[in-house]
Structure formats: C-alpha cells, structure tokens
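>>> Could you work out the structure for the sequence below:
(one chain, ligands or ions: 1)
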Amino acid sequence: MFVLWVIIFTCILVLAFGNTFLLKITLILLIVEQVVFFFIIKNKDKKIQKLKKLMEIGKKITSNIKLKNLLKDIMEITKKETEAEASSLYLLDEEHNELWFEVALGEKGDQVKEIRLKVGEGIAGWVAQEGKALNLNDVNNDTRFKREIGEKICFKQRAMLTVPVKFKDRTVGVLQLINKVNNGNFDEEDQELLEGLSSQIAISIDNAKLYEGLRELFISIIRSLANAIDARDPYTKGHSIRVANLSTLIGKKMGLTEERLELLEYMGILHDIGKIGISDEILIKPGKLENDEFQIMKSHPKIGADILNSVNLLKEIVSGVQYHHEQYDGSGYIMGLKGDEIPLEARIIAIADTYDAMTSDRPYREGLEHSAAIDEIKEVSGTQLDPQIVSVFFKVMEEKNSKAVR
Ligand SMILES: [Fe+2]
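Modelled structure (predicted):
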C-alpha cells in the first residue's frame, strides 16, 4: 500500500516537473511492488493448499470409527503423504506408562506387536515424555537414543520423524515415520503436516476407543440376554451362540462386509429372544407340542421383533430375528415370505438354526450325527432352505471338519 502511495506521489511530480529520474524511481518501485505482491500471493496460496490438505486428510481419518481400521488408515495416509517407507503408531498405555502397538502393518507386524516401550525410553519414549516432535536424519549415528523396534525386527532405519499424538496437553500416542523414500530426509513441511494432524488423530483415537468400549458392553449385554434365553431350557444351552458363530462363518464365505457380519452375529445371538414371552409349559415341554401350543410357540419371532424394535440400538437386527422361521418355498411363518423376499441374514440363520437344532439332543429324541443332519438338510434344500446358501454352508462344514481332522 505504501509503495502505491509513493508511485502516485511520484507520478504527480513527473507530470508537474517532467523529471525522468523520478520516472525511473517510479518504475523500479512498481517492479518491487509486483515482486513483493507475487510472493505474498504465492505464500498465501501455499498456506491455503496446506490447510486444504490437512482438512482432506483429517476428514479421511475422522470418518473411521473402528479403532483398528482408524489406526491402519492413519499409518497408511501419513506414510503416503510424507513419502515414508514405513509408519508406526504407538498408543500410550497410561496405566503402565508404556507405549504399545494395537495395529502393526507388514510382514513383521506380529513381532512388532509384542514390543512395549517405557515412556522416556528410546526415540518414541522421549517424544511421548517431552510432548515434542523429533526429526532425525541419521538414527544410527545418534548416540542419544537407544535403538528400539528397528533393531529387534531387523528393519534398517535411517531418517526418522517422530511426533506426539496429543490433544491439548494429553498425549494419546506417538506417530513415527521411518526413512523417506530415495534416501531423502523428512523436512519441516512433513513435520508441520503431522503436527497439524496430531490433535485430530488424538480425538479420533479417543472416539474410537469410546465406541469400542460401548460395542463391547453392547455385545456382553446381548450375550447375557441370549444365555438367559437358552438357560430356560437345558437342551438349548449354548444354541444361540452356536447359531451366531455358524451364521457368521456362512456370511463370511459369502463375502458379506464386516459391518453386515457384525449385525449377522447379533441377529444369530438374539434370533430366539422372543422365547422370553413363551411360558415354560410350552417352551420346555418334554413331549411334542399340541397344535394350539405350537401356534403360541410360532409367535416367538414376532415377540422378538417387538422387543428389538423398542430399543433404538437394536432396530437394525430386527429382520434376522423376525424372519428366521420363514421358509424358502413360502411355507414358513410368520409372514409366509418366499425366496429373496426373506432377508438374506434370516435365510442364513435359518440354515444354522436348523443344523444346530438337528444335532442337539431333545427330551423326546437324541441329536442327529453330523452326516445324518447334512443328509436332512440336502432333503429340504430348495423347499425349506435357500439352496444357494445351503451349498455355501456345506463348504463351510467341509472346511470346519477338515480343520478338525488336521
Ligand atoms: Fe426360533
């Protein structure tokens, strides 16, 4: 701005006195101003680009709620962005004052996961203790720090950029980038990027841990519920968990996503939750049920669905519970749905449920041998059960049995 006023003033003088010296000065000032202006814009542009990058990476990171996936993403993204050969993310175990790995990538991942570092020990320990970043170009010739992980897993380390992962003054972990590609060194820009991401990473890790805690609590509650259902009838002890496990194996073989598998597991565990509403006289009757008793028994999928529908967190798993007694040819209950009208998860649970019921003892009959149950399932494939899923079930059982023989 100052330069602009000088130019205007000089122009007035040139116009008034025709002084060429002043004209030259004006031109020089004009050029200087343009150069300064160019650098200011360039610098601003660079800052905007950096901010954009930080926001993009932050968005990718914070969109993940599962701790293991989140940690993997953080390591992969920071490794790519800083052009590092490897990236490690230590978590701080506050109780023992140690750093450890929840997730370690690569071939040596399992070995790395066994390692625990005391806070203050080695480079990562120093960074955790001091809460400051450390950028070392030649780790091998730095005598200040004991070499930690690299030596233990025979990974040649050279350059190392280590930053604390912290929110305000609370350290959650330590992020370490190892060896810049092409033998380069990590620079200020890499350090600024990681430091800029540090608080977002820390908050995301805290959130994911919180989610994990809630999830564990949720699973233990539904497992207790399932045990409570099974405990009413000594003949069905462990039935719900076995159905859940088998259903999950079938779902996995069918390539269901991790999220769907998780829901399928809950559906399997709770598929008979509606039996809570069935009286003991019917539920644990030693002999076969009379027709009117069977009609009452048939209401358990509906009772189960009503229970789950009343709990917000459980609504997602209603379909597997409500329709697990539908049959492929439409002859099942409670709706008489046919083929693909029956939700996939319910068709999977129906197979696992049938197999487990066949192979379990009942007061009025002994459980079938595995091979006899397989024969019966073949019989009802296409009528009672979805034939495509039955073939997946057979593959799962073959693999299970061959593992058991080995
Ligand atoms: Fe059932």
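
>>> how about the helices of the stretch 201-350 of the chain, start to end?
Assigned by DSSP state H, counting those that start in this stretch, the helices in the stretch 201-350 of the chain fall at 239-253, 258-270, 280-283, 291-297, 300-309, 318-322, 344-359.

>>> With mean pLDDT, distance to N140 and mean neighbour count as new columns, can those be given to me in TSV?
Where you see a C-beta, it was placed from the backbone N, CA and C, and this is true even at glycine. What follows is the helices of the stretch 201-350 of the chain, written out as TSV (pLDDT from 0 to 100; distance: least, Cβ to Cβ, whole Å; neighbours: other Cβ atoms under 10 Å):
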stretch	mean pLDDT	distance to N140	mean neighbour count
helix 239-253	96	45	21
helix 258-270	93	40	21
helix 280-283	90	70	14
helix 291-297	95	72	13
helix 300-309	94	59	20
helix 318-322	96	56	25
helix 344-359	97	55	22
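
>>> got CSV for those, with distance to L71 too?
Shown next, in CSV, are the helices of the stretch 201-350 of the chain (distance: least, Cβ to Cβ, whole Å):
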stretch, distance to L71
helix 239-253, 23
helix 258-270, 15
helix 280-283, 45
helix 291-297, 47
helix 300-309, 32
helix 318-322, 30
helix 344-359, 29
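
>>> Out of these, which gets nearest to L175?
Each of these has some distance to L175 by Cβ to Cβ; the shortest is helix 258-270, at 24.9 Å.

>>> so what does that closest one touch, helix or strand wise?
helix 188-231, helix 239-253, helix 318-322, helix 344-359 (3 or more Cβ pairs under 8 Å, 6 or more residues apart in numbering; DSSP states H and E).

>>> Please convert those to a markdown table, extending it with distance to F393.
Shown next, in a markdown table, are the helices and strands packed on helix 258-270 (distance: least, Cβ to Cβ, whole Å):
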| stretch | distance to F393 |
| --- | --- |
| helix 188-231 | 21 |
| helix 239-253 | 5 |
| helix 318-322 | 16 |
| helix 344-359 | 5 |
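
>>> looking at the helices of the stretch 201-350 of the chain, which is closest to N97?
helix 258-270 (33.2 Å).

>>> Distance from the chain centre to that closest one, please.
Chain-centre distance of helix 258-270: 15 Å, with Cα atoms, centre = their mean, to the nearest Å.

>>> roughly how far apart are the residue at minimal distance from the centre of the chain and K252?
Nearest residue to the geometric centre of the chain (Cα atoms, centre = their mean): K66, 3.0 Å. Between K66 and K252 the distance is 17 Å, computed by Cβ to Cβ, to the nearest Å.

>>> And for Q157?
Q157 is 38 Å from K252, by Cβ to Cβ.

>>> got it, and G339?
Counting by Cβ to Cβ, the gap from G339 to K252 is 23 Å.

>>> same check, this time on S402
Taking Cβ to Cβ, one finds S402 at 17 Å from K252.

>>> Same question for K400.
12 Å.

>>> How about I374?
For I374, the distance to K252 - Cβ to Cβ - is 20 Å.

>>> Could you do Q176 as well?
For Q176, the distance to K252 (Cβ to Cβ) stands at 34 Å.

>>> Centre of the chain to stretch 184-201, how far?
24 Å.

>>> nope, stretch 161-168 is what I meant
On Cα atoms, centre = their mean, the centre of stretch 161-168 falls 22 Å from the chain's centre.

>>> got it, and stretch 136-147?
35 Å.

>>> Repeat that for stretch 64-77.
7 Å.

>>> Apart from its chain neighbours, what residue comes closest to the residue nearest to the centre of the chain?
A208 (6.4 Å; Cβ to Cβ, 6 or more residues apart in numbering).

>>> low-scoring pLDDT stretches of the protein, where are they?
1-19, 22-23, 26, 38-44, 46-47, 50, 104-113, 146-155, 404-406 (pLDDT under 70).

>>> tell me the domain boundaries of it?
Split into domains by automatic domain parsing, the chain comes to 2-61, 76-197, 232-405.

>>> Of those, which is nearest L70?
Comparing the domains of the chain by Cβ to Cβ, domain 2-61 comes nearest, at 7.0 Å.

>>> Next up, the contacts around the residue nearest to K66.
Listed by Cβ atoms under 8 Å, 6 or more residues apart in numbering, the contact set of A208 reads 64-67, 70.

>>> can you pick the most crowded of those?
L70 (25 neighbours; other Cβ atoms under 10 Å).

>>> contacting residues around that residue?
L70 touches 61, 64, 204-205, 208, counting by Cβ under 8 Å, 6+ apart.

>>> go on, E212?
Contacts of E212 by Cβ under 8 Å, 6+ apart are 66-67.

>>> any idea how far it is from V318?
In terms of Cβ to Cβ, E212 sits 24 Å off from V318.

>>> same question, M397
Separation of M397 from V318 (Cβ to Cβ): 28 Å.

>>> Then G304?
8 Å.

>>> cool, G58 as well?
36 Å.

>>> got it, and G367?
Distance of G367 to V318, computed by Cβ to Cβ: 30 Å.

>>> related to what we said a few turns ago, between the contacts of L70, which sits nearest Q384?
For the contacts of L70, the nearest to Q384 is N64 (40.8 Å; Cβ to Cβ).

>>> any idea how far the closest residue to the closest one other than its chain neighbours is from Q200?
Spatial nearest neighbour of N64, chain neighbours left out: L70 (4.1 Å); criterion: Cβ to Cβ, 6+ apart. According to Cβ to Cβ, L70 stands 11 Å off from Q200.
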